[in-house]
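> this one's sequence-less:
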């Protein structure tokens, strides 16, 4: 199988893609084990010889995927595992706290594809080590109003996770709702009094709100502007 071209690593930017691409190549060549397994014990000459061959191949592919600027700094590492750990030590510095900061700082762009942004935001929360419900809770206030109203928990009903957020978001997008509806800009432009979308009322099940049930979409529910 032909190897997928890998753009040479030349710094922190693109390290994750580079790392995953190199792992795919190593697994495809059947040599990835040398990155994570110890050298065979003395006495098994055949296993030691094969391990040394696999290690040389893996190390060579890693070095070949470094830029001319980085190559002299890392060519000194004798084994693929040592080389791999050295690169991870330099560029794999994102800790859960870093990802949590990125998650909390995330905000949706009304002009960009909504579902792509939702997937990115969820990935940030998962990388931060947050639970599914914590991710959903953290994103709730950031969501478009038309989606947020469909995922707000009601008294007596359990807190829902990202599954419900995705269900409501996909219903909205698959219905052809554009950014103007999702973010309420169309309603504000059409209604000088400033209308907005009402969520589930008392006693209504949030899990059934905005999930494709006839006559039960956010566009059909407006509330008057509060004084």
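Looks like it came in fine. It should be emphasised that the depicted structure is a prediction, and the values quoted were computed from it without experimental measurement.

> so which helix or strand takes in residue 181?
helix 179-182 (DSSP states H and E).

> and that helix, average pLDDT?
Across helix 179-182, the average pLDDT comes to 76.

> now do stretch 71-78
Across stretch 71-78, the average pLDDT comes to 97.

> in that stretch, what's buried?
74, 77 (16 or more other Cβ atoms under 10 Å). C-beta: built from backbone N, CA, C; applies to glycine.

> Number the chain from 85, please
From this message on, residue numbering opens at 85, which makes the last subject stretch 155-162.

> Quick check: end-to-end length of that stretch?
13 Å (Cα to Cα, to the nearest Å).

> Repeat that for stretch 108-121.
17 Å.

> So which residues lie in contact with that stretch, not counting its own?
85, 87-88, 90, 107, 135, 138-139, 141-142, 145, 163-165, 168 (Cβ atoms under 8 Å, 6 or more residues apart in numbering).

> Can you tell me which helices and strands the helix holding residue 265 packs against?
Contacts defined by 3 or more Cβ pairs under 8 Å, 6 or more residues apart in numbering; DSSP states H and E place helix 263-266 against helix 229-235, helix 269-274.

> By mean pLDDT, show me the worst of these.
Of all those, helix 269-274 has the smallest average pLDDT, which comes to a mean of 47.

> average pLDDT for the top helix by length along the chain?
Once the chain is assigned using DSSP state H, the helix that runs over the most residues is helix 129-148. The average pLDDT within helix 129-148 is 95.
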